[in-house]
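Engineer: Task: produce atomic coordinates for the following.
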Amino acid sequence: GSKVFLSAAALSLLAVISLSYTTAPMKLAWVDVSRYLKLLMVGAMMFSLDSREKRLGVLFALAAGIAVLMLPTLLDASGVALFFHLPIRQFANQAYSTEHIAKGFANLVYWKNQIAHGFFVSILCFICLCCAAQWKRFRLPLVLLAAICIIDIVFLIYGRMALLSLAVSLPLFALLQIRSLRFRMLTLVCILTIFTASYFSIDVVNQRIETIVTEARVYYKEKNPATSAGIRLHYWTISLQLFNESKLLGVGAGGFRYFLETTHDQFSTENHSHTHNEYLTALAQYGLLGLAALMAMLALGYQNARKVDNKVERHCYQGILTIFALGCLSDSMLYNQDEGWTLVFVLALIAGATREMMEMPKSALTTP
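Structural biologist: The predicted structure follows:
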């Protein structure tokens with residue numbers, strides 16, 4: 001548990017140290033540093049999460065919160081809100097759309113945006129499947145809720161990373177549950193077949209994937225970054241330029257945002273303070289040391305999660321960390337408060353679980 005905290009603290013420390021050499025104004029730099037300082041809470045919380053009941057309580061509270069925040073989308077999609085004249089549209093996200101003109105399908109997102117919505121609903125789906133696998137008494141409602149999560153992600157929101165999270169987390173769930181190599185391979189083949197069939201037969205899936213290719217092609221061929229993927233590719237190019245200026249320590253906190261402002265970048269008015277990729281944000285602003293600290297934090301978290309004795313806890317932690325790591329490919333998840341604090345809680349849960357195991361007498365660990 002201490003290794004998980006130390007790796008998280010190392011990333012925070014690098015961000016603080018960068019204040020001594022960054023060329024960005026302190027106002028911009030502190031915005032970045034403040035996003036990383038919350039990682040220090042892993043050390044404070046791990047001591048309070050000293051029992052399985054407390055940790056499962058946090059997991060269930062997370063799941064319940066996600067279910068509640070997903071509810072407006074479900075009420076909207078099912079027609080219940082319209083039937084009962086519920087005034088929920090006033091709470092819709094600015095990206096809300098019943099028929100996206102460019103992509104031809106709905107984006108019934110109320111909570112934050114489709115990125116955050118998809119991230120958390122993917123986590124809820126994984127938690128439900130893990131609990132259903134262990135607790136037969138509640139298996140039916142849990143599987144039903146997991147199915148609703150899949151429907152939500154596939155049909156009700158426009159979230160491309162959410163699709164990737166499903167494509168990775170569902171096979172991961174199967175691999176964690178199945179011991180036999182033969183059945184693992186058979187299950188993976190079945191899942192791959194379902195994914196392939198979905199791509200060719202479900203328009204909203206096909207279109208969502210095709211837009212990634214189209215937007216990337218527009219960026220590279222027409223030099224037009226004015227798309228979701230184009231902005232990211234544009235920012236990633238900038239982040240690599242900044243990394244080349246200082247490979248070991250990076251350009252310092254606030255460096256990316258300062259670059260956009262000083263170069264009068266076409267997206268400087270968007271108020272983006274990160275590169276929309278956590279790995280490249282760390283690499284650009286904190287160099288190879290920052291990227292190493294970030295990777296170590298996630299790797300140690302996953303490694304320690306594998307040691308947790310309770311199967312529900314163990315698998316949930318592994319799934320959440322995997323979904324978070326995937327999300328970091330298209331967004332700077334630590335900068336986003338909801339996603340970032342979720343990681344802090346999960347790392348604290350893992351650290352608390354492994355610390356409890358270390359303090360247990362050996363007889364307790366070996367008792368069936």
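
Engineer: can you give me the strands in this structure?
Structural biologist: With DSSP state E applied, the chain shows no strands anywhere along its length.

Engineer: Go through stretch 196-211 and flag the buried ones.
Structural biologist: Counting neighbours by 16 or more other Cβ atoms under 10 Å, one finds that the buried residues in stretch 196-211 are 198, 204, 205, 207, 208, 211. (C-beta placed from N, C-alpha, C; glycine too.)

Engineer: low-confidence ranges in the stretch 51-200 of the chain?
Structural biologist: Counting by pLDDT under 70, the stretch 51-200 of the chain shows low-confidence ranges at 100-105.

Engineer: and with 50 instead?
Structural biologist: Confidence mapping of the stretch 51-200 of the chain against pLDDT under 50 gives the ranges 101-103.

Engineer: which residues in it form helices?
Structural biologist: For the stretch 51-200 of the chain, helices defined by DSSP state H, counting those that start in this stretch occupy the ranges 52-78, 80-83, 114-134, 139-151, 160-177, 181-201.

Engineer: Please work out which of those is packed deepest.
Structural biologist: helix 114-134 (a mean of 24; mean count of other Cβ atoms under 10 Å).

Engineer: Render the CA-only coordinates of it in PDB, please.
Structural biologist: What follows is helix 114-134 as a C-alpha-only set of coordinates in PDB (Å, rounded to 0.1, in the frame of the first residue of the first chain):
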ATOM      1  CA  GLN A 114     -20.500  12.100 -22.800                       C
ATOM      2  CA  ILE A 115     -16.800  11.500 -21.900                       C
ATOM      3  CA  ALA A 116     -17.400  11.500 -18.100                       C
ATOM      4  CA  HIS A 117     -20.800   9.800 -18.500                       C
ATOM      5  CA  GLY A 118     -19.300   7.000 -20.600                       C
ATOM      6  CA  PHE A 119     -16.300   6.600 -18.200                       C
ATOM      7  CA  PHE A 120     -18.500   6.200 -15.100                       C
ATOM      8  CA  VAL A 121     -21.200   4.000 -16.800                       C
ATOM      9  CA  SER A 122     -18.400   1.700 -18.000                       C
ATOM     10  CA  ILE A 123     -17.200   1.400 -14.300                       C
ATOM     11  CA  LEU A 124     -20.800   0.700 -13.100                       C
ATOM     12  CA  CYS A 125     -21.100  -2.000 -15.800                       C
ATOM     13  CA  PHE A 126     -17.900  -3.700 -14.600                       C
ATOM     14  CA  ILE A 127     -18.800  -3.500 -10.900                       C
ATOM     15  CA  CYS A 128     -22.200  -5.000 -11.600                       C
ATOM     16  CA  LEU A 129     -20.700  -7.900 -13.500                       C
ATOM     17  CA  CYS A 130     -18.100  -8.600 -10.800                       C
ATOM     18  CA  CYS A 131     -20.700  -8.600  -8.100                       C
ATOM     19  CA  ALA A 132     -23.100 -10.800 -10.200                       C
ATOM     20  CA  ALA A 133     -20.300 -13.400 -10.700                       C
ATOM     21  CA  GLN A 134     -19.900 -13.800  -6.900                       C
END
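
Engineer: Mind giving me the packing neighbours of it?
Structural biologist: On a contact count with 3 or more Cβ pairs under 8 Å, 6 or more residues apart in numbering; DSSP states H and E, helix 114-134 meets helix 52-78, helix 139-151, helix 160-177, helix 311-327, helix 337-359.

Engineer: How far away from the center of its chain is the third one?
Structural biologist: Once both centres are worked out by Cα atoms, centre = their mean, to the nearest Å, helix 160-177 turns out to sit 12 Å from its chain's centre.

Engineer: same thing with the fourth one?
Structural biologist: Between the centre of helix 311-327 and the centre of its host chain there is 10 Å, according to Cα atoms, centre = their mean.

Engineer: buried set for it?
Structural biologist: Here helix 311-327 shows 312-327 as buried, counting by 16+ other Cβ under 10 Å.

Engineer: now the buried residues of stretch 196-211 as CSV including distance to residue 257?
Structural biologist: Compiled in CSV, the buried residues of stretch 196-211 are given as follows (distance: Cβ to Cβ, whole Å):
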residue, distance to residue 257
198, 39
204, 35
205, 35
207, 33
208, 30
211, 27
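
Engineer: Of those, which is the nearest to residue 161?
Structural biologist: residue 208 (10.3 Å; Cβ to Cβ).

Engineer: what's around residue 224, how many residues?
Structural biologist: Neighbouring residues of residue 224 were enumerated by other Cβ atoms under 10 Å; the total is 13.

Engineer: how near is the nearest residue to it once chain neighbours are set aside to residue 86?
Structural biologist: Closest residue to residue 224 apart from its sequence neighbours, by Cβ to Cβ, 6 or more residues apart in numbering: residue 218 at 5.1 Å. Going from residue 218 to residue 86 by Cβ to Cβ, to the nearest Å gives 39 Å.

Engineer: For those two, work out which one has more neighbours and name it.
Structural biologist: Relative neighbour count places residue 218 above the other of residue 218 and residue 86, with 17 against 12, counting by other Cβ under 10 Å.

Engineer: before we move on, back to that, looks like the residue nearest to residue 224 contacts residue 227 (just checking).
Structural biologist: Yes. Taking Cβ atoms under 8 Å as the contact criterion, residue 218 and residue 227 are neighbours in contact, 6.2 Å apart.

Engineer: In stretch 338-356, which residues are buried?
Structural biologist: 339-340, 342-356.
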